[in-house]
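S.K.: Structure of the sequence below:
(one chain, ligands or ions: 2)
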Amino acid sequence: MSISGRKPPHPSRRGFLATAGSLVAAGGIGLTAEAATTPAPDKKRAGTPAAEPFWGARQSGILTPAQSHTYFAAFDLTTTKREDVVKLLQRWTEAAARLTRGEPAEPIPADQSVPAGDSADGLGLGPARLTLTFGFGAGLFTKDGQDRYGLAAHRPEALVDLPRFNGDQLVPARTGGDLSVQACADDPQVAFHAVRQLSAMAYDIAEMRWVQTGFSSQPPGEKTPRNLMGFKDGTRQPDQIDKVVWVGPEGPAWMQGGSYMVVRRVRISLEHWDRMNVDFQEKTIGRHKYSGAPLGKKKEFDEVDLDATDAEGNPVMPENSHVRLSHSSSNDGAEIYRRGYSYNDGVAFTAERWPPWKQGMLYDAGLLFVCYQRDPRTGFIKIFGNSSKFDMLNQFATHVGSGLFACPPGARPGGYIGQSLFEA
Ligand SMILES: C=CC1=C(C)c2cc3[nH]c(cc4nc(cc5[nH]c(cc1n2)c(C)c5CCC(=O)O)C(CCC(=O)O)=C4C)c(C)c3C=C
Ligand SMILES: [Fe+2]
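M.R.: Residues are numbered from 1 along each chain as shown. Ligands and ions are numbered 1, 2, ... in the order given. Sure thing, here's the model as predicted:
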């Protein structure tokens with residue numbers, strides 16, 4: 001068995017692979033087994049900053065400038081053995097280091113009579129700024145009252161079970177997970193390829209629970225991408241990002257330098273939204289649609305002024321606008337770092353929960369909301385506990401998937417993601 005732990009395939013599949021292998025060796029795509037062992041450097045990308053560093057004190061993919069695509073996956077652990085989980089995290093770490101350099105998850109073997117440790121669909125695509133960010137759900141520590149891996153005592157207090165928020169319509173099959181992997185890359189195939197290799201390595205140890213793809217295109221010359229509602233999304237981030245994002249001495253030692261990731265799959269009623277006049281849309285968000293400026297201001301990065309009033313004495317920023325209700329000064333100073341992606345999964349039969357209560361084939365599209373913070377109780381839970389009750393945006397946004405994951409600190413060469421926990 002290869003280090004990936006992939007099992008030899010069914011004999012008939014092996015026969016197919018052998019045939020496919022000889023076609024490759026015969027020059028079908030110009031790749032011999034020998035050449036494949038050491039993939040040629042990608043000349044076009046050589047010397048460009050296309051590779052994001054993987055090793056380091058902090059995991060990448062959190063404060064890394066956002067790539068254009070994501071593939072998020074949550075896994076359920078199926079093994080009962082602690083050593084399997086360690087083995088998996090060690091394999092994932094080694095593979096992630098290789099993949100983020102633009103290499104296959106495992107060196108492609110010269111021997112074509114064994115399954116390869118990489119599916120090869122990423123060959124030649126380069127690193128594409130791939131990052132892989134790993135997280136631990138509550139189920140790694142305790143599940144159904146059981147301490148499966150002897151980790152229950154190390155579950156951080158901050159890794160709570162998220163409360164039910166007003167309006168939540170969470171689908172169990174899109175919620176939770178014992179482990180999470182978020183691949184982000186400037187090429188969707190690179191992101192999918194990475195998660196696919198990691199998932200294959202989890203054979204007999206963990207299986208995928210839910211996944212979500214996403215995209216985020218930044219117009220050239222602009223700082224902020226637009227979401228599917230047509231608004232710039234991601235303009236206002238905390239001033240002191242490090243203080244907001246990274247767990248400090250207040251957390252368990254093994255989480256210091258890590259962060260808590262909240263992920264929410266938020267379906268947006270695009271058909272409904274598109275029928276609203278732009279003035280109403282701007283009052284709902286609290287920003288001007290085309291410039292991205294706060295209401296009453298001219299430029300995107302002008303300060304948000306929640307105290308400004310108009311000639312009639314009414315607040316310029318409506319009381320139930322998204323920006324007002326999400327702002328730190330409406331939430332006892334709570335702040336989060338947002339790193340979301342739009343998603344588009346076609347259409348699905350849907351019944352709206354707000355007027356005009358339309359039913360039919362509606363877009364299954366919206367926002368894969370992702371945020372990081374040092375403690376979700378004083379971050380996401382505080383802010384969304386407030387906005388989920390009063391925000392006008394809720395007429396158009398329904399949370400259907402959810403997860404909270406403790407993302408441990410990064411790893412140094414020779415170590416692995418999660419080592420601080422398993423050796424705590
Ligand atoms: C607390 C959680 C938040 C959820 C859930 C959320 C959903 C959500 N947001 C948008 C679009 C925008 N959000 C904007 C700002 C903004 N949103 C949150 C938090 C949540 N959003 C915060 C903390 C902020 C910053 C507020 C501030 O300090 O000004 C904006 C404005 C532009 C920007 O600053 O990024 C937009 C647009 C959607 C579409 C959505 C779910 C569907
Ligand atoms: Fe928001």
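S.K.: Please make it C-alpha for all contacts and neighbour counts, starting now.
M.R.: Noted.
S.K.: show me where the stretch 151-300 of the chain has strands.
M.R.: Along the stretch 151-300 of the chain, counting by DSSP state E, counting those that start in this stretch, strands occupy 179-185, 206-215, 259-268.
S.K.: relative orientation of the second one and strand 259-268 in degrees?
M.R.: When you say that, I think you mean strand 206-215. Between the axes of strand 206-215 and strand 259-268, defined by axes from the mean of the first three to the mean of the last three CA atoms, to 10 degrees, the angle is 60 degrees.
S.K.: Now do the buried residues in strand 206-215.
M.R.: Using 16 or more other CA atoms under 10 Å as the test for burial, strand 206-215 gives 206-215.
S.K.: which helix is the longest one in this structure?
M.R.: helix 82-100 (DSSP state H).
S.K.: Now do that helix: which elements does it pack against?
M.R.: strand 131-136, helix 188-201 (3 or more CA pairs under 8 Å, 6 or more residues apart in numbering; DSSP states H and E).
S.K.: CA atoms only for the last one - export them in PDB, please.
M.R.: This points to helix 188-201. Written as PDB, here are the backbone C-alpha positions of helix 188-201 (Å, rounded to 0.1, in the frame of the first residue of the first chain):
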ATOM      1  CA  PRO A 188     -10.900  25.700  -9.500                       C
ATOM      2  CA  GLN A 189      -9.300  22.500 -10.800                       C
ATOM      3  CA  VAL A 190      -6.300  22.900  -8.500                       C
ATOM      4  CA  ALA A 191      -8.600  23.400  -5.500                       C
ATOM      5  CA  PHE A 192     -10.800  20.400  -6.300                       C
ATOM      6  CA  HIS A 193      -7.700  18.300  -7.100                       C
ATOM      7  CA  ALA A 194      -6.200  19.000  -3.700                       C
ATOM      8  CA  VAL A 195      -9.300  18.000  -1.700                       C
ATOM      9  CA  ARG A 196      -9.800  15.000  -3.900                       C
ATOM     10  CA  GLN A 197      -6.300  13.700  -3.100                       C
ATOM     11  CA  LEU A 198      -6.800  14.400   0.700                       C
ATOM     12  CA  SER A 199     -10.100  12.700   0.600                       C
ATOM     13  CA  ALA A 200      -8.700   9.600  -1.100                       C
ATOM     14  CA  MET A 201      -6.000   9.400   1.700                       C
END
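S.K.: could you give the mean pLDDT of it?
M.R.: Helix 188-201 shows an average pLDDT of 98 in the prediction.
S.K.: Which other helices and strands does it contact?
M.R.: By 3+ CA pairs under 8 Å, 6+ apart, helix 188-201 packs against strand 69-77, helix 82-100, strand 179-185.
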